[in-house]
Each structure stands twice: as structure tokens, then as C-alpha cells.
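1. what's the 3D shape of this:
(chains A and B)
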Amino acid sequence: MNRQSQSAVMFLLGAALLHAGSTDLYLRYVKEGLRPLLLASGVVLIAAALATVWYERRRARAAATEAHAHPEPRISWLLLLPLLALILVAPPALGSYSALRSGTALQKPYVYGALPAADPAPLSVIDYASRAAYGHGRSLHGRTVRVTGFLALDHSGAPYLVRMALNCCAADAQPVKIALTGELPPVLRPDAWLEVTGTYTPRMTHDPVNNGPIPYLKVTAARPVPVPHDPYDESWNN
Amino acid sequence: MAITEDAPPGAEAGPAGEPGGPGSRRLSSPLVLTLILLLAVLAQSPIRGLLGTPLMQSWMTVFVAVTVQALPFLVLGVLLSAAIAVFVPPAFFARALPRRPALAVPVAGIAGAVLPGCECASVPVAGALVRRGVTPAAALAFLLSAPAINPIVLTATAVAFPGRPEMVLARFLASLLVACAMGWLWQRLGRTDWLRPPAHGAHEGATKGEAFWNSVRHDTVHAGGFLVLGAMAAATLKAATPADWLRTAAGNPVFSVLALAVLAVLLSICSEADAFVAASLTQFSLTAKLVFLVVGPMIDLKLFAMQAGTFGRTFALRFAPATFALAITGAVVTGTVLL
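-> Down below sits the predicted model:
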């Protein structure tokens, strides 16, 4: 790859990073806090591309017969792969396939905050699951809760409501699962996002992958919702 | 090399999988580039159809995620290394580091604490240090310690293991210990001809500005290519590793240490996030988790590819296994004493 092509690839890569960082696209792959760094590195890549073109032109004008033959690394062609993947395919955030392959990452919380006053109380998947699994639902009794996540169906067809928890990028994302029972919609499609309203039930099961606890939620109503702004739960970051 | 054999899924990711075949000598690379981009745009829908399976989709998501996450840190490291190569005179390092290499190693190891970021940034910086005349033993100690002992990573470790400050201390001490041990080992046994001589012309230029941007360009496309290779390997293993072998390994203390060491290499997680993953491996002992935290930032698939790119394959094939073995030993010793 000669220097003109290198600068073209750097320019496109920088533009792709700027595009991903200025829309919500980057949230499918990395945490929200990385955004300033993504935008800055996009700008640096574009600047490096422009500088390369400028110095090349100046050099071509100054002396046409400079030693221009030294080989440039072939490995740089590989940079086209993430570029094409990001621009043409833009793969979706991790979904039910990854969620069923890894065990629930639920951990014992240190404190249970007060439930939100609203009725039904809006809770995250992690929040409901840890209150139900480790607090024996004490903080949930007599309350209706509302939880948002995507659907995953295991091989026997049992439905789970899942949210992937993320620390840095999708490579370290781990699922937290709630098993659903009660009044479910007649047709369940994996990866569909649902807003589920329901109540606590003491029933529990265990994840076949890592034996982690999966509490149940007794559903009273469920409605499809669009994919949220950030498909991952990043509350573990702070 | 094992890494290139893991690459085939990438060949399906686009027609660009074959980097310039032998017959392309006569084609100019801008032409090839235009053709590839044009073909990819034209063949969009068949490519998407091919990649529609859940397995391929999650492979691509992880691949793109690892690359996108690492690129900003790579760019940061590349800028720093270009600045070192162009604006810092070699005399500075001669004055800043103790003359005796045996002393320069721990000083460089501790200096790793000032490079905030993850491991992708430290490889080009260490490369620039070697080119700038720093003794390789000290530069390697810096390479290994920087991603593990900087304040951001240590804070993340403290957050991931609340109520266990000894974990942070153990990670700091074990990483520093292993980095210095590797430096001293290189000083005794290492040979300069294992290191690839720096690419000719890549870091030169008529003016300082030209030299700076020349170095940025060269390091970005070069190390970036290896980063992509590593990301493909990591995504393949993440998609292919069965999760239940971890549960079987957790029961045996020796197996559990080895299993988490191998997992750290395979997963290639950014060192700022690995503490959270370690904390979620609840079946494992604290010492095994410490092994995961010490091995990961020093050697993983992505790092191996980048080290092979910067210092040469001869070097990486010797350096990586030695680092792996020493990192496990250092972490187990520290874990036995402290945890």
C-alpha cells in the first residue's frame, strides 16, 4: 500500500470514527465515556491523512526521483475490514445469541436503594434481578415494577428478559437475566425489546451455563418498545 | 503462526480479506483500493446476507468493538511515540534513566504509571523508546508495566473489588515485579538481533513536522493492521470458547490459575475493563483472579500481534511465552503472600 492509499484509508477510518461518534452508532460497541476519545482520534486520523497528502505533493514537486521504492507494510490492508464492517454492515449490539452463551453476571449488591416512588416503579434488569435474587424481594413486596430489556428464548422456548452489562466495550459485555412468567404476548421473537410490567414472585431458577441465580418476574402486561438509546447497561461503570 | 490461522472468518467479512495477492504487483495500490471499495459497495446486500447468522453477527460486533475501543488508545500511543521520536533528544533519556541497565529497569517500570490508557498505547511508545536509544531492557519493563499500574486501571480495579484494597496493591506489586523481572531477564539473555531493526525512512523527514506526521502515518497503518489481526483472533475465540469449561476448571486450584491465565490471553480485554470481568468470575479464587489481571495487560492475542509487528516475529515468539510464564509465577507468589 503506498502513501496515497494509506492516507485514503486513514481519512476514511477517521471519518468512520467521527460518524460513529457523532451518532448513537458507537454505543453498540463501546461505553458512552469513550465518545470524546473516539471523536478526537477521528480528527487526528484525518489530520494525519491530510498531512501525508500535503507532504507527498510537496516532495513530488521538489524532487521527482526520491528513493520512493521502499516497501510499505502489506498488513495495513487489513484496516479496510473494520472500516467496511462499520460503514456497510454496522453490526447490531450483542443480543440473545451471546446472552444465552454466557452465564448471568448478577452479583450481590451492597445496598438496596429505595424503590422509585412512581407506580409502576421503573427498575433496570440488574436492579430487579438483584433485589429479587439476593434481597428475597423484601423491597419489592406489594409493588408493581416496570423493566425494559430484550427477549431471549432458551432451547426449550422459556422466555428471558435480558440486558447486557458493559464495562468498556462489547467484548466484555455480560448478560443479566430475568425469567418471565405470567401473561406474555402470544408470539415471542428473540431480540425484540419489551417493556414488561409485573410483580415479584419468589420463584427462582439457575443459569445452566454458570449456575448463577435467575429470578422470575410475574408479568401482567408487556409492550414492544424501540431499541433504547444505549442498548447496554453501563451502571457498573460508576 | 497460530494467529493467522484464526483469521478465516474475516475473509467473509468483505472482499478485502486477501491483502494484495502476488499478482497485484503491477496494479497500483490506489487503484486496488478504489476497486475494493467499489466492489464492497456494489456487493453490499449479498455480503449482508452472508453475515446475517447470529454467530457471524456477534463475531462482527465483537470484532468492531475491540477495534473501535482500541483505536483511540492506539492513536494516543502513536502521537506520543512520534513526539518522543521527533521532539525529545536522545540525550534526555540518557540523563533521565540511570546509566546502569539493572537500575534503569525498575525506574522505567515505575515510569509506566504515568501513561494513562490501555495496552494498545504502550506498544508504539516502547518502540519509540528503543529507537531513541533507551536500553531495550528498560523499554520492555515500561511496555509491560504501563498498561497495568497506571492510575486509571488501578482505580477501576478498586471499583470492581470494593472492600478489598489488597487486590489493588497485589495487582500493582505483581505487575511491577513481573515487568522488572522480564527487563532483567532480557538484560541477561536477550540479544539485540532478535529485535527487528527500525523500518528505514519511516521516521525521517526534511522538517520536524514532516518527520512527526510521517511517523504517525507509518505507526498507525502498521500497528493498526496488527491490531485488526488481533481483534479478529479475539472475536473468533470469544465466539468459539465454550463457557462451561470454566466451571469445570474452577474446582481445582492449579487448573483454575491456568484456566484464567489462558482466558486472559484469549479474551484480549482492555486493561481498564478486565477487573470487572475478573470480579464476575465468582467461582474462582482471588489468586486466580489476580493471575487474570496480571497476565491480561502483559500478553494477549492483540498485544502479541502488535508486538510482532513493532519488534519483529523472532522477538515476539520468544518474549510472549516468557512473559506468560513469569506473569503467572509472579501473580501466584504475590497472591499467596498478600491475598
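2. Can you show me the strands along chain A?
-> Assigned by DSSP state E, the strands in chain A fall at A:121-123, A:144-153, A:159-165, A:174-182, A:193-206, A:213-224.
3. And those strands: which comes nearest chain B?
-> Closest to chain B of the strands of chain A is strand A:174-182 (Cβ to the nearest Cβ; 5.9 Å). For glycine as for every other residue, the C-beta is placed from the backbone atoms N, C-alpha and C.
4. so residue B:305 sits right up against residue B:227, yeah?
-> Yes: in this structure residue B:305 lies within contact range of residue B:227 using Cβ atoms under 8 Å: 7.1 Å.
5. what residues do the two have in common as contacts?
-> Counting by Cβ atoms under 8 Å, 6 or more residues apart in numbering or on different chains, residue B:305 and residue B:227 have no shared contacts at all.
6. give me the number of residues near residue 46?
-> Using chain A here. 19 (other Cβ atoms under 10 Å in any protein chain shown).
7. Wait, chain B was what I had in mind.
-> If you count neighbours by other Cβ under 10 Å, residue B:46 ends up with 9.
8. Now do the helix or strand hosting it, average pLDDT.
-> Counting by DSSP states H and E, the element that carries residue B:46 is helix B:44-50. Confidence over helix B:44-50 (mean pLDDT, whole number) is 81.
9. Are it and chain A in contact anywhere?
-> Yes: using Cβ under 8 Å from any Cβ of the partner chain, helix B:44-50 reaches chain A at B:44, B:47-48.
10. top of those residues by neighbour count?
-> Most neighbours among the residues of helix B:44-50 next to chain A, by other Cβ under 10 Å: residue B:47, with 21 neighbours.
11. So that residue sits against residue A:88, correct?
-> Yes: counting by Cβ under 8 Å, residue A:88 is a contact partner of residue B:47 at 6.8 Å.
12. Most tightly packed of the strands of chain A?
-> For those, average neighbour numbers computed from mean count of other Cβ atoms under 10 Å in any protein chain shown are highest in strand A:159-165, which has a mean of 24.
13. export the strands of chain A to JSON lines and tack on mean pLDDT and distance to chain B?
-> Formatted as JSON lines, the strands of chain A follow (pLDDT from 0 to 100; distance: least, Cβ to the nearest Cβ, whole Å):
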{"stretch": "strand A:121-123", "mean pLDDT": "92", "distance to chain B": "21"}
{"stretch": "strand A:144-153", "mean pLDDT": "94", "distance to chain B": "11"}
{"stretch": "strand A:159-165", "mean pLDDT": "94", "distance to chain B": "9"}
{"stretch": "strand A:174-182", "mean pLDDT": "93", "distance to chain B": "6"}
{"stretch": "strand A:193-206", "mean pLDDT": "93", "distance to chain B": "12"}
{"stretch": "strand A:213-224", "mean pLDDT": "94", "distance to chain B": "11"}
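14. for the residue nearest the centre of chain B, what are its contacts?
-> Chain B has residue B:303 as the residue nearest its centroid, 2.5 Å off, counting by Cα atoms, centre = their mean. Residue B:303 makes contacts with B:119, B:123, B:230, B:268, as judged by Cβ under 8 Å, 6+ apart.
15. The last one and residue A:42, how far apart?
-> Here the criterion is Cβ to Cβ, to the nearest Å. By it, residue B:268 lies 23 Å from residue A:42.
16. Quick one: name the residues of the stretch 51-200 of chain B near chain A.
-> So far as Cβ under 8 Å from any Cβ goes, the stretch 51-200 of chain B lies against chain A at B:51, B:54-55, B:57-58, B:60-69, B:71-76, B:79, B:162, B:199-200.
17. Buried residues in the longest helix seen in chain A, which are they?
-> For chain A, the longest helix by residue count, based on DSSP state H, is helix A:35-62. By neighbour count with 16 or more other Cβ atoms under 10 Å in any protein chain shown, helix A:35-62 contains the buried residues A:35, A:37-42, A:44-46, A:48-49, A:51-53, A:55-56, A:59.
18. what does stretch B:236-256 give?
-> For stretch B:236-256, the buried set under the neighbour-count rule, 16+ other Cβ under 10 Å, comprises B:236-239, B:246, B:249-250, B:256.
19. Sort out which one of the residues of helix B:44-50 next to chain A lies nearest residue A:186 for me.
-> Relative to residue A:186, the closest of those is residue B:48; by Cβ to Cβ it sits at 30.3 Å.
20. coming back round to it: per-residue pLDDT, the residue nearest to the centre of chain B?
-> 89.
21. Which secondary structure element is home to it?
-> Using DSSP H and E, residue B:303 sits in helix B:301-311.
22. chain center to the helix or strand just after that helix, what's the gap?
-> Next helix or strand after helix B:301-311 toward the C-terminus (DSSP H and E): helix B:313-338. Centroid displacement of helix B:313-338 relative to its chain, using Cα atoms, centre = their mean, to the nearest Å, is 15 Å.
23. Hmm, residue B:291 and residue B:257 touching each other?
-> Yes: using Cβ under 8 Å, residue B:257 is in contact with residue B:291, at 5.2 Å.
24. so what's the closest residue to residue A:38 other than its chain neighbours up against?
-> Nearest residue to residue A:38 in three dimensions, chain neighbours excluded: residue A:21, at 4.0 Å (Cβ to Cβ, 6 or more residues apart in numbering or on different chains). Counting by Cβ under 8 Å, 6+ apart, residue A:21 makes contact with A:35, A:38-39, A:42.
25. could you redo the last one with a cut-off of 10 Å?
-> By Cβ atoms under 10 Å, 6 or more residues apart in numbering or on different chains, residue A:21 lies in contact with A:27, A:30, A:34-43, B:68, B:72.
26. with the residues you listed in mind, which one is nearest to residue A:116?
-> Using Cβ to Cβ, residue A:27 comes nearest to residue A:116 of the contacts of residue A:21, at 23.9 Å.
27. Distance check, the nearest residue to the closest one once chain neighbours are set aside against residue B:131.
-> Of all residues beyond its chain neighbours, the one nearest residue A:27 is residue A:230 (4.8 Å), with distances taken as Cβ to Cβ, 6+ apart. Here the criterion is Cβ to Cβ. By it, residue A:230 lies 42 Å from residue B:131.
28. now residue A:179
-> For residue A:179, the distance to residue B:131 - Cβ to Cβ - is 57 Å.
29. ok, residue B:315 to chain A distance?
-> 16 Å (Cβ to the nearest Cβ, to the nearest Å).
30. can you tell me which residues contact the residue nearest to that residue when sequence neighbours are not counted?
-> Excluding the flanking residues, the one nearest residue B:315 by Cβ to Cβ, 6+ apart is residue B:194, at 4.6 Å. The contact partners of residue B:194, by Cβ under 10 Å, 6+ apart, come to B:136, B:186, B:311-319.
31. Same check on residue B:284?
-> By Cβ under 10 Å, 6+ apart, the residues touching residue B:284 are B:246, B:249-250, B:253, B:256-257, B:259-260, B:263, B:278, B:291-292.
32. Check the residues you listed for the minimum pLDDT and say which it is.
-> residue B:246 (72).
33. follow-up on the earlier one: what is the mean pLDDT for the longest helix of chain A?
-> For helix A:35-62, mean pLDDT rounds to 91.
34. which strands and helices sit next to that helix?
-> If contacts are counted by 3 or more Cβ pairs under 10 Å, 6 or more residues apart in numbering or on different chains; DSSP states H and E, helix A:35-62 sits against helix A:3-22, helix B:54-87, helix B:208-240.
35. For burial, what's the neighbour tally of residue B:313?
-> Counted with other Cβ under 10 Å, residue B:313 comes out at 14.
36. That one and chain A, how far apart?
-> 12 Å.
37. who's in contact with residue B:149?
-> B:109-110, B:112-115, B:171-176, B:179, B:271, B:297.
38. Buried subset of those as a ChimeraX selection?
-> Only the buried entries of the contacts of residue B:149 go into this ChimeraX selection, using 16+ other Cβ under 10 Å:
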select /B:109,110,112,113,115,171,172,173,174,175,176,179,271,297
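39. Which ones among the contacts of residue B:149 lie within helices?
-> Taking DSSP H, the ones among the contacts of residue B:149 that sit in helices are B:109-110, B:171-176, B:179, B:297.
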